[in-house]
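Undergrad: Below are the sequence and a predicted model; questions follow.
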Amino acid sequence: MDLELELKKQGVNPALLEAVHTFRKQNQTEQSFLYRIPEVKYVYYGKEVWEAALAALLCGENVLLAGPKATGKNTLAENLATLFQRPVWNISCYVNIDAAALIGTDTFVNQNVVFRDGPVSLCAKHGGFGILDEINMAKNEALAVLHAVLDFRKHIDVSGYDAIVLDKATRFIATMNHGYAGTREINEALASRFVVIHMPMIGTENLQKLLLREFPNLKPQWAEQFALLFRELEQKCNSSEISTKPLDFRGLLASVRMIQQGLSAGAALQIGIVNKSFDALERQLVADMIAVRIPHTFGADDLFDR
């Protein structure tokens, strides 16, 4: 997939795309890390968000993508790494993460104690894009080790070893969701080291485009119905009529994929969306919403062009 062509279709500023070209020429990825450059599976749709993220990264800033589920935070993060042609290190932030899990730790090699690089150190050395996934699930004390990495100092002091200076192409992209259990507020010191982009929910038109890109044989009228169904689920969530559990874009894509494979629409959407809720009344409400849009008995022959 030609990601740059997709961005041109979205109307992203050509000057920014040209600056990305210059960045790529000046920062060639090492041959041994080419496998870490993500392949584009889904394209993020949103001209304003793209332009904000590109401008920030080109200026050497680190980016924090904040927003509820199903807004495409991880998709955008990987799209950015692909566009810049940088290797990616995914760093899952969880409650028990510590400095050793981020920076690295001592280990034995041939009966000698050596330093084993962690994902942040590897990212720093090789000019990668570090994706700090759900950064607000980690304890602030653990993330304090990143302060020198994320600000003007651009280096890591490893106790007992030498300092690691960040490659000029290194960037960090963090994601956060306020709604998940176990999340917390990130402190001001950490927040000040990022530019923050609040991710909007994908629009109905862009959602249809995404569905048709993923499923080229899906009939346009049914792509529209799936997009409207997702929008209705979002509205029900916003009005607190249902929880956010059924609002699952991954589940919607999985359901369409299973219909294409041969499962009936009702069965596929049941396990892909409805059963994400564990409240019986909520499951019935979501199932009723689906039945209005997508006939339960419809299958691949009804929804897809053969």
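TA: Received the coordinates, thanks. Bear in mind the structure is a predicted one, so any value in this text is a computation, not a measurement. Numbers count the residues shown, from 1 in each chain.

Undergrad: Excluding chain neighbours, what is closest to residue 50?
TA: Residue nearest to residue 50 in three dimensions, not counting chain neighbours: residue 12, with 5.0 Å by C-beta to C-beta, 6 or more residues apart in numbering. For every residue, glycine as well, the C-beta is placed using N, CA and C.

Undergrad: ugh, typo on my part, it should be residue 161
TA: Nearest non-adjacent residue to residue 161, counting by C-beta to C-beta, 6+ apart: residue 115, 5.1 Å away.

Undergrad: what phi and what psi does the backbone show at residue 89?
TA: Backbone torsions of residue 89, given as degrees, to the nearest 10, read phi -120, psi 120.

Undergrad: wait, what's in contact with it?
TA: Residue 89 makes contacts with 36, 119-120, 122-123, 128-131, as judged by C-beta atoms under 8 Å, 6 or more residues apart in numbering.

Undergrad: now, which of these sits nearest residue 103?
TA: Nearest to residue 103 out of the contacts of residue 89 is residue 120 (C-beta to C-beta; 5.5 Å).

Undergrad: helix/strand/coil for the spatially closest residue to that closest one that is not a sequence neighbour?
TA: Of all residues not flanking residue 120 in the chain, residue 102 sits nearest, at 4.7 Å (C-beta to C-beta, 6+ apart). Three-state call for residue 102 (DSSP: H, G, I helix; E, B strand; the rest coil): helix.

Undergrad: Was I right to think residue 102 contacts residue 117?
TA: No: at 10.5 Å, residue 102 does not count as touching residue 117 under the criterion of C-beta atoms under 8 Å.

Undergrad: Which one's more surrounded, the two?
TA: Using other C-beta atoms under 10 Å, the more surrounded residue of residue 102 and residue 117 is residue 102, with 24 against 18.

Undergrad: and that one, what is it in contact with?
TA: Here residue 102 is in contact with 91, 118-120, 142, 145-146 (criterion: C-beta under 8 Å, 6+ apart).

Undergrad: how much space is there between the closest residue to residue 244 other than its chain neighbours and residue 34?
TA: Nearest residue to residue 244 in three dimensions, chain neighbours excluded: residue 237, at 5.1 Å (C-beta to C-beta, 6+ apart). Applying C-beta to C-beta, to the nearest Å, the value for residue 237 to residue 34 is 40 Å.

Undergrad: higher neighbour count, these two?
TA: Remark: of residue 237 and residue 34, residue 237 carries more neighbours, 20 against 10, as counted by other C-beta under 10 Å.

Undergrad: wait, doesn't that one sit right on residue 248?
TA: No: Residue 237 is not in contact with residue 248 according to C-beta under 8 Å; the separation is 10.7 Å.

Undergrad: so what pLDDT did residue 102 get?
TA: Listed pLDDT for residue 102 reads 81.

Undergrad: shift numbering so it begins at 54
TA: Sounds good: first residue 54 from here, last item residue 155.

Undergrad: where does the stretch 204-353 of the chain dip in pLDDT?
TA: Along the stretch 204-353 of the chain, segments meeting pLDDT under 70 span 212-213, 231-236.

Undergrad: Strands of that one, start to end?
TA: 208-210, 216-218, 224-229, 248-251 (DSSP state E, counting those that start in this stretch).

Undergrad: swap in the stretch 54-203 of the chain?
TA: Taking DSSP E, counting those that start in this stretch as the test, the strands found in the stretch 54-203 of the chain are 116-119, 141-145, 157-162, 165-170, 182-186.

Undergrad: need the helices for the stretch 54-203 of the chain, in chain order.
TA: Using DSSP state H, counting those that start in this stretch, the helices of the stretch 54-203 of the chain run over 56-63, 67-79, 100-111, 126-137, 152-156, 172-178, 193-196, 200-203.

Undergrad: outside of the last one, which residues touch it?
TA: Applying C-beta under 8 Å, 6+ apart, the contact partners of helix 200-203 are 115, 173, 177, 207-210, 219, 225, 242-243, 246-247.
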